[in-house]
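Visitor: could you work out the structure for the sequence below:
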Amino acid sequence: MKKTIITIGLSSMIALTGCSDKKDLGLGAKNHAGNPTNVNNPTQYYDEDYRNHDNKSDDFGFTRTNKTTHDGRNISNKTASIDREQLSDVISKLSVQIPNVNDAATLVTDEEVLVVYDTNTKDRTETADQVKRTAMSIVPRYYHVYVSDDYQTLAQDVENFSTLKSGSKGIDYTIEQTIKRMLKSPQGYKMSNEENENGEMVNDKRDHHDNIHQKIDNL
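Guide: Predicted coordinates:
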């Protein structure tokens, strides 16, 4: 009888220990259909508390959600928001790490990236391609990227957009005019057989900028 009680006690302790280990490893989540994953400690998805120390630049970034709901709200028809200010900062910082690029000014709109940079390169096309692909690697793939090494002329123009918004009056036309001026500079190489140098589909009419490349010769 005593042996039986001892055996049951040990089994219970092992089971409890196993559950505790799973929780410590973040494996104690329970899935419920149609709802976000429930976790005992939600902060495990936010780096500041999960490992009991502050954010560090060498930490990996990790989040998890599902397609149906988040915080009780349906998100299936919503687009994740983008921090354009942060994206522009990252693009500028990475651009100046490219050989022969000394300064960079970056504007990120709702569908375009404009990068104006100062360079002393001997191969303008190659440097333009490096700057462009750096930006392409940061933003969502539906973005189009335009670059220019005419820093003295265009840097201030790009900076002037910093206080404006997507809905600002006349913003589309003003950006279009700026892009036309940027296209006078090398844009690097074609992104692919289906996309031109700026990531536009070859057969894309692009309502927003009205076939800029076809009109550039008329400037």
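
Visitor: how is this protein divided into domains?
Guide: Here the domain assignment for the chain is 2-74, 84-218, based on automatic domain parsing.

Visitor: against Val145, how distant is the closest residue to Glu85 other than its chain neighbours?
Guide: Counting by C-beta to C-beta, 6 or more residues apart in numbering, the nearest residue to Glu85 once its immediate chain neighbours are dropped is Val108, at 7.8 Å. (Glycine included, C-beta is placed from N, CA and C.) Look at Val108 and Val145: by C-beta to C-beta, to the nearest Å, they are 10 Å apart.

Visitor: for Val158, same thing?
Guide: 13 Å.

Visitor: those two - which one has more neighbours?
Guide: Val145 (27 against 21; other C-beta atoms under 10 Å).

Visitor: so how many other residues sit close to Asn160?
Guide: Burial of Asn160 is recorded as 12 neighbouring residues (other C-beta under 10 Å).

Visitor: and it, helix, strand or coil?
Guide: Under DSSP: H, G, I helix; E, B strand; the rest coil, Asn160 falls in the helix class.

Visitor: OK, contacts around Val90?
Guide: Val90 is in contact with Ile138, counting by C-beta atoms under 8 Å, 6 or more residues apart in numbering.

Visitor: now do the one 5 residues further on
Guide: Residues in contact with Ser95, defined by C-beta under 8 Å, 6+ apart, are 101, 104, 106, 115, 117, 131, 134-135.

Visitor: for the helix or strand encompassing Ala135, packing partners?
Guide: Ala135 belongs to helix 124-136 when assigned by DSSP states H and E. Under the contact criterion of 3 or more C-beta pairs under 8 Å, 6 or more residues apart in numbering; DSSP states H and E, helix 124-136 touches helix 84-95, strand 101-108, strand 112-119, strand 144-148.

Visitor: okay, these, which one's buried deepest?
Guide: Neighbour counts (mean count of other C-beta atoms under 10 Å) averaged over each of those peak at strand 144-148, with a mean of 27.

Visitor: from the contact counts, what lies against that one?
Guide: strand 112-119, helix 124-136, helix 171-182.

Visitor: could you export these as a markdown table, including distance to Asn198 and mean pLDDT?
Guide: Shown next, in a markdown table, are the helices and strands packed on strand 144-148 (distance: least, C-beta to C-beta, whole Å; pLDDT from 0 to 100):
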| stretch | distance to Asn198 | mean pLDDT |
| --- | --- | --- |
| strand 112-119 | 9 | 97 |
| helix 124-136 | 8 | 98 |
| helix 171-182 | 9 | 94 |
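
Visitor: rewinding a little: the residue nearest to Glu85 reaches Asp83, doesn't it?
Guide: No. Checked against C-beta atoms under 8 Å, the pair Val108 and Asp83 is beyond contact range at 9.1 Å.

Visitor: in a markdown table, list the helices and strands packed on strand 144-148 along with distance to Asp149.
Guide: Rendered in a markdown table, the data for those read as follows (distance: least, C-beta to C-beta, whole Å):
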| stretch | distance to Asp149 |
| --- | --- |
| strand 112-119 | 5 |
| helix 124-136 | 6 |
| helix 171-182 | 10 |
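
Visitor: what about Leu164, distance to Asn120?
Guide: Leu164 is 31 Å from Asn120, by C-beta to C-beta.

Visitor: so the two - more neighbours on which side?
Guide: Leu164 (15 against 10).

Visitor: for Lys93, which of the helices and strands packed on strand 144-148 is the nearest?
Guide: Nearest to Lys93, of all the helices and strands packed on strand 144-148, is helix 124-136, at 9.9 Å by C-beta to C-beta.
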